[in-house]
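Asker: Give me a 3D structure for the following:
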Amino acid sequence: MARIVVPVVGGSYKHDTLPFDAQETVNLFPERGGRQSKSTAILRRTPGLSLFATISTQTGPVRGMYTTSGDRFFVVRGTQLYEFNVAGTETIRGTINSGTDRVQMTDNGLELGIADGTNIWSYALSTNTLSEVTDTDAPDTTPSLEFIDGYIFGFDPDASQIGSFAHSDLNDLTTWNSIDVYTAESSPDKIVALKALNGQLWLFGSKGYEVWYNAGGDNVSSATWARVPGTFTQIGCAAANSVAVIRGHIFWLGSSKDGANIVWVSDGYNARRISTRALESTISGYDSIDAAWGFTYEYLGHHFYVLTFQEGNDTFVYDITENEWHNWRYRNPTTGEQGRHRAVNHAYFERKNLVGDYTNGNIYELSQTTYTDNGDPIVWERYFSHFENVKQRISWYMLQLDMLTGSALLDTASYPDGVSVNSLTRSAGTVTVVTASAHGFTTGDEITISGATPDNYNGNHTITVSNSVTFTFITTNPVPAVGAITTAVGDATVTGVNTTFSSDPNIVVGTQINWVDDSSINKFGDVLSITSDTELELTTNASSVATGAAFTYNNLVTATGTITASDQSTQGSDPLVQLRWSDDGGRTYGKWHEMSVGLRGKYDIRVIKRMLGQSRGRVYHVRSSEPIAMSLQDSCVADIEASDD
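Answerer: Residues are numbered from 1 along each chain as shown. Predicted coordinates:
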């Protein structure tokens, strides 16, 4: 028997010709370690979606997002332009054209420019006024705008002069001049997209691109903008919305006179292919790619280019830092199917990576410490590379994953099955629970109370611990509530007297409440019994009660019930990973096997599976949807025995 290292960490390279390569990395991304790291690399979780704001009006997706140079955050949904502050509070700033297509925005420090494909809009940042750009020389139908050196550039995709583009007057989006029109003539095709990079303008056609720079002229005696010599390259753009910039690089889905389906990144003025053969094969299977969209973001020191194909219902992410691709997927909680990620666009605002939803008005923060997609489980998966040993038959005696352990939400092992309640008392919205014995909880735990009377105290609560037998929680529906009652009868024996009340709609028929009179003396042994929705019966030791006498009623001071740790039955409390494998090169897989990742604080647990059968070649597949911190290190080991039979 031999102990071997089984490679785990890698990107997505699922080839269409199995078993050549079945690797896939879903909702994880690789990261190389340092020179003395425990292992050479690790797979980390992609960020979850934490709700930042929901746009309250309009319908459809978030069409565009932009943070100005003055750190103001704007969003377009439907026909409305919104501004959000850091707390996620919206302010409607104006109305643009109808539609659901993406919009592009830029600013010159004075104005926010918006291109919706039909009109150009100018939002004056100093006066908060939105207006349509009506200058007849403006390229109204430009799908995008870019700012360089005080000018804002746009183009008419259907201009009679093929390849023409223009810029506004200096620091004035509302004014355009017919002499400030240029033609990208290196290739006789229409402009598809333009993008600013390092103070220069990249112009993409469907068959090629070229780069222009500020030549300093006045467009009368000499040109203001001119082509950078030698930059024309016969690699165009297949999807206008796929073009994105980060850290001095432009990314785009390419096309040329010879074909398409390749993803490129700028390298100086050159184009460098970054898509893999496996990814290109996948892209070539889509009926349409011109509606693909892309954006970039920075996360944990990595720089990512996100490319989503609506036709293929999938999202691919390239990590320029590690030169690897991975899949970013959202799991539909109703159907269980995984498809493209929810993010359609991105803006960085007040140290938050914010993304818009492609179907609704939600704006999310990409969060390192959120392990769900706005409450929906995130399923991460890793299909290992194909393993074989010169075609020998391998007996697999043990496989051990090197994972982050002990990060469970709750250490349920420390809790008994139930803790008896001595009393429940309430003051305003705070409920105090005294248990019959030490409860063992800590502040922040979620517990379940059951069997209490009244039943409004039952259910899940997040608690604050006072001592070993006492804790509190906040209730938004206290029953019985504190209030005042005035008698409606004259001097008489009070036993059995009925009186009306309407001070609190939450009191419940059948509950009994201790009460005090208007001198605030508790009448222990005297009870107010709620007999109907509008009446109560006062039974007291007092001989008589004057008409109009005031009484206040307090909360029920005791109750019975039991407490259990509600997290015992929730995801993340006793986290598991699932393992299965394929012995036919990734074509079919066997049943799932579960392995524990350990309760909270159990850092030394081994994530291990024994007696895994025999094979000549094998592909392992591991996955989990636990909402906790998880990672996979590239130091998985296995005990195997190889034979020549």
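Asker: Strand partners (parallel or antiparallel) of the strand of greatest length in the chain?
Answerer: For the chain, the strand that runs over the most residues, judged by DSSP state E, is strand 172-183. Under the criterion DSSP bridges, strand 172-183 sits next to strand 164-169 (antiparallel) in its sheet.
Asker: buried set for the strand it pairs with?
Answerer: S164, F165, A166, H167, S168 (16 or more other CB atoms under 10 Å). C-beta here means a position set from N, CA and C on the backbone, and glycine is covered the same way.
Asker: Dump it to PDB, keeping only the CA atoms.
Answerer: What follows is strand 164-169 as a C-alpha-only set of coordinates in PDB (Å, rounded to 0.1, in the frame of the first residue of the first chain):
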ATOM      1  CA  SER A 164     -17.400  57.200 -37.300                       C
ATOM      2  CA  PHE A 165     -17.200  58.300 -33.700                       C
ATOM      3  CA  ALA A 166     -17.300  61.700 -32.000                       C
ATOM      4  CA  HIS A 167     -16.600  63.600 -28.800                       C
ATOM      5  CA  SER A 168     -18.400  66.300 -26.900                       C
ATOM      6  CA  ASP A 169     -17.000  69.800 -26.200                       C
END
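Asker: average pLDDT across that strand?
Answerer: The pLDDT scores in strand 164-169 average 93.
Asker: can you offset everything so residue one is 891?
Answerer: I'll keep to 891 as the first residue from here, and by that count the last item is strand 1054-1059.
Asker: Can you list the neighbours in contact with it?
Answerer: When contacts are defined by CB atoms under 8 Å, 6 or more residues apart in numbering, strand 1054-1059 is touched by residues 1027-1029, 1041-1046, 1064-1067, 1070-1074, 1081, 1084, 1093, 1114-1115.
Asker: Show the low-confidence segments of the stretch 1291-1440 of the chain, by residue range.
Answerer: Residue ranges of the stretch 1291-1440 of the chain with pLDDT under 70: 1300-1308, 1316-1318, 1340-1346, 1366-1440.
Asker: 90 instead?
Answerer: Across the stretch 1291-1440 of the chain, residues meeting the criterion (pLDDT under 90) sit at 1295-1355, 1357-1440.
Asker: Same check on the stretch 1141-1290 of the chain?
Answerer: 1146-1150, 1201-1202, 1223-1226, 1259, 1265, 1277-1282.
Asker: Helices of that one, start to end?
Answerer: Ranges of helices within the stretch 1141-1290 of the chain are 1167-1174, based on DSSP state H, counting those that start in this stretch.
Asker: re earlier: I'd like the buried residues of strand 1054-1059 as CSV, with distance to F1141 appended.
Answerer: Formatted as CSV, those follow (distance: CB to CB, whole Å):
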residue, distance to F1141
S1054, 25
F1055, 21
A1056, 25
H1057, 24
S1058, 26
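Asker: and those, which two are the farthest apart?
Answerer: Across these, no pair lies farther apart than S1054 and S1058, at 14.9 Å, counting by CB to CB.
Asker: Go ahead and confirm G1138 touches Q1090.
Answerer: No - if you go by CB atoms under 8 Å, G1138 and Q1090 don't touch, sitting 11.3 Å apart.
Asker: which element follows the longest strand of the chain toward the C-terminus?
Answerer: The helix or strand immediately downstream of strand 1062-1073 is strand 1081-1087, counting by DSSP states H and E.
Asker: quick one: which helix or strand includes the closest residue to T1032 other than its chain neighbours?
Answerer: Setting aside the residues directly before and after it, T1032 is nearest to G1044 in space (CB to CB, 6 or more residues apart in numbering), at 3.4 Å. In this structure, G1044 is located in strand 1041-1045 according to DSSP H and E.
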